[in-house]
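J.: heads up, no residue letters with this:
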């Protein structure tokens, strides 16, 4: 409610012509600009900013179709609470922010949870007495630009941090889930025709890599704190213990055997541009763009992962990106395309 109230107040403060309860059904280029069709009328404009987000449709692997009929399926998008989930075992696929929180909630509700772990980024909620996001913002981590990284496509696919927003600001990582009885298995690599789940044997390596990435981030924060004279005013440097992995995690599970009654896919999202007609999508269904300037005159993006900065997909990142892109957009309107 606080975020909604904030956005409403901001819209009123600048007299923004917001059209609520309006669904865009198509955006078409018409030579001089764009025709935007909605369920409440049409608009013509020279420029369009796409701010519909990257998390429109839950991403499921093709082999999800081989899940036995006896096993119910939900996604992180459709999951709301344990009351939706049948009694019995649950497998959560994906160990980033959503997957770990869902696994924790279901384990607390009395289900036996198996968590399938792929690439993930471990992080403490609080470090040296301050929220990790505070450190990342203060140290400039979130301000890193898209043209400063070696592989921007890779950077835009990095999973979200394993952070949960709770009043007590406790850290939720794989060790915390293990302590609660959640079982860890490797990345779900496939499901056979007869309903057997196949897990990658890389669980230990995945966890070690995640621990290494966390250590590098905390090292960077420690260096920044030291260079800026904060060592005496914050808590001491510390490192969480390594992620615990059992010696021989299972490589398979018979989904038809009854041990798993529900699968919850927390395997990411993809955008939905089914309404966007200009030919700007790549083979993965993402808009081709350079820092938010799309591969079509007058078309722009906002709010996407690492659009212009590491914080671009966060509310806090919208302002800086909007300033950059509004300058380009204004110049385009004055002079035509400057690409």
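T.: That came in fine, so what should we check first? Fair warning: this is a prediction, and the values are worked out from it, not measured in the lab. Residues are numbered from 1 along each chain as shown.
J.: and the helix or strand hosting residue 219, what's its mean pLDDT?
T.: In the assignment (DSSP states H and E), residue 219 maps to helix 203-227. Helix 203-227 carries an average pLDDT of 98.
J.: please apply the same query to stretch 235-247.
T.: Across stretch 235-247, the average pLDDT comes to 96.
J.: tell me how far that stretch lies from the chain's centre.
T.: Chain-centre distance of stretch 235-247: 24 Å, with C-alpha atoms, centre = their mean, to the nearest Å.
J.: hang on, the earlier thing: so what touches the helix holding residue 219?
T.: 117-124, 127-128, 135-136, 138-141, 174, 184-187, 231, 234, 237, 239-240, 242-243, 245, 249 (C-beta atoms under 8 Å, 6 or more residues apart in numbering). Yep, even glycine has a C-beta here, placed from its N, CA and C like the rest.
J.: so which of those residues are in helices?
T.: Among the contacts of helix 203-227, the ones falling in helices (DSSP state H) are 135-136, 138, 174.
J.: please pick the buried ones from those.
T.: For the ones in helices among the contacts of helix 203-227, a burial check counting by 16 or more other C-beta atoms under 10 Å picks out 135-136, 174.
J.: thinking again about what came up before, which of the contacts of helix 203-227 are buried, as a ChimeraX select command?
T.: In ChimeraX, a selection of the buried entries from those looks like this (16+ other C-beta under 10 Å):
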select :117,118,119,120,121,122,123,124,127,128,135,136,139,141,174,184,185,186,187,240,243,245,249
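J.: now, the contacts of helix 203-227 that are in strands?
T.: With DSSP state E as the criterion, strands contain 127, 184-185 from among the contacts of helix 203-227.
J.: mind putting those residues into TSV with pLDDT?
T.: Output for the ones in strands among the contacts of helix 203-227, formatted as TSV (pLDDT from 0 to 100):
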residue	pLDDT
127	98
184	98
185	98
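J.: give me the beta-bridge partners of the nearest residue to residue 112 once chain neighbours are set aside?
T.: Spatial nearest neighbour of residue 112, excluding adjacent residues (C-beta to C-beta, 6 or more residues apart in numbering): residue 89 at 4.8 Å. Beta-bridge pairing of residue 89 under DSSP bridges involves residue 260.
J.: and the gap between residue 89 and residue 146?
T.: In this view, residue 89 and residue 146 are 42 Å apart by C-beta to C-beta, to the nearest Å.
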